[in-house]
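1. please find the sequence and the predicted model below.
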Amino acid sequence: MKCARTAVILAFLSSGAVCMAQVPTQPPSQPPANREIAPEEVIKEFSKRETEFYEAWMQYTYRQRASIAILSVDSEKSNEHMTIVSDVVFRDDGTREVKVVQRNGFLRSVFWSESDTEVLNNLQPFALTVKDLPLYDLKYQGKEKVDELNCHVFAVKPKSTKGGRLYFQGKIWVDDQDLQIVRTVGRPVPQKRDNQFPEFETIRQMVDDKYWFPVWTHADSTLQFDVLKVHIEETITYDNYKKFGSKAKVLFGPVQP
């Protein structure tokens, strides 16, 4: 997303390139019930499940709705709004495609760029896989509840922000039974004066009784550029999950923050 003299990417981050991978045929193995495990073991186990989750997620079709609103510019109220509805489908040759089926509205203060589209469609959700785990420092912060789930909480930050790519910095909540991430709160880094990112929250729900898939992502941030202060709100929902080649659908209603 760009304005006349500055640039902003308003989007959400995950690790790993888009790829086609085989979905595990068996549910992830579970740790013994009622056994407390060390944070290091939690990290090891949830990174395995994140890898399985991400590979499985890339084998599902779904509908993605992105609603982007500029609420104010330099503290002056604005009503700019844009909606992008996309279907994630598979071509006859098995390759994955994101098809825009509806686009309404227009943003005047900032421009939706190709980078925004790329991140929206291909760099979500944030997945801390075995491959990317060595790039991050994790600090255990205890246990909290997310709705009715007991979760391990970790602060996550990249060991380095070099290399010309984006990283996640924030917190993750890991269900203490399935050892899968069910909630993330954070933002892409590094931050620059002319390249700002909002803090976002993503909620996952279980699909097909084995994978915690994203169903709701939300950001509400004021971004300070050299020439503008922009209050941005963005909401993305994901629904109609269907495993490629299956006729069954998993439907979700609106998720409340």
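-> Now that the structure is in, tell me what you want to look at.
2. from here on, contacts and neighbour counts on C-alpha atoms
-> Fine.
3. tell me which stretches of the protein form strands.
-> 7-8, 60-73, 76-90, 96-106, 136-146, 149-158, 167-175, 181-189, 195-196, 200-207, 211-224, 229-243 (DSSP state E).
4. let's have those in a markdown table, adding distance to F53.
-> A markdown table is the format used below for those (distance: least, C-alpha to C-alpha, whole Å):
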| stretch | distance to F53 |
| --- | --- |
| strand 7-8 | 29 |
| strand 60-73 | 11 |
| strand 76-90 | 17 |
| strand 96-106 | 17 |
| strand 136-146 | 19 |
| strand 149-158 | 18 |
| strand 167-175 | 13 |
| strand 181-189 | 10 |
| strand 195-196 | 29 |
| strand 200-207 | 10 |
| strand 211-224 | 6 |
| strand 229-243 | 13 |
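5. specify the beta-bridge partners of K171.
-> K171 has these beta-bridge partners by DSSP bridges: A155, V185.
6. check the gap between the one residue sitting closest to the centre of the chain and D226 for me.
-> The centroid of the chain falls nearest to P125 when counting by C-alpha atoms, centre = their mean (2.8 Å). To D226, P125 is 29 Å away according to C-alpha to C-alpha, to the nearest Å.
7. and for P198?
-> 16 Å.
8. who's more crowded, these two?
-> P198 (24 against 9; other C-alpha atoms under 10 Å).
9. mind listing what that one touches?
-> L10, R187, P188, A219, D220, S221, T222, L223, I232 (C-alpha atoms under 8 Å, 6 or more residues apart in numbering).
10. list buried residues within those residues.
-> With neighbours counted by 16 or more other C-alpha atoms under 10 Å, those contain buried members at L10, R187, P188, A219, D220, T222, L223, I232.
11. need these in JSON lines (columns: distance to Y167 and pLDDT).
-> Putting those into JSON lines (distance: C-alpha to C-alpha, whole Å; pLDDT from 0 to 100) gives the following:
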{"residue": "L10", "distance to Y167": "14", "pLDDT": "40"}
{"residue": "R187", "distance to Y167": "8", "pLDDT": "87"}
{"residue": "P188", "distance to Y167": "5", "pLDDT": "83"}
{"residue": "A219", "distance to Y167": "17", "pLDDT": "93"}
{"residue": "D220", "distance to Y167": "19", "pLDDT": "96"}
{"residue": "T222", "distance to Y167": "20", "pLDDT": "93"}
{"residue": "L223", "distance to Y167": "18", "pLDDT": "88"}
{"residue": "I232", "distance to Y167": "21", "pLDDT": "93"}
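12. tabulate those residues (TSV), appending distance to Y241.
-> Formatted as TSV, those follow (distance: C-alpha to C-alpha, whole Å):
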residue	distance to Y241
L10	24
R187	25
P188	26
A219	23
D220	26
T222	32
L223	33
I232	28
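13. wait, which of the residues you listed is closest to E148?
-> Nearest to E148, judged by C-alpha to C-alpha, of the buried ones among the contacts of P198 is A219 at 23.3 Å.
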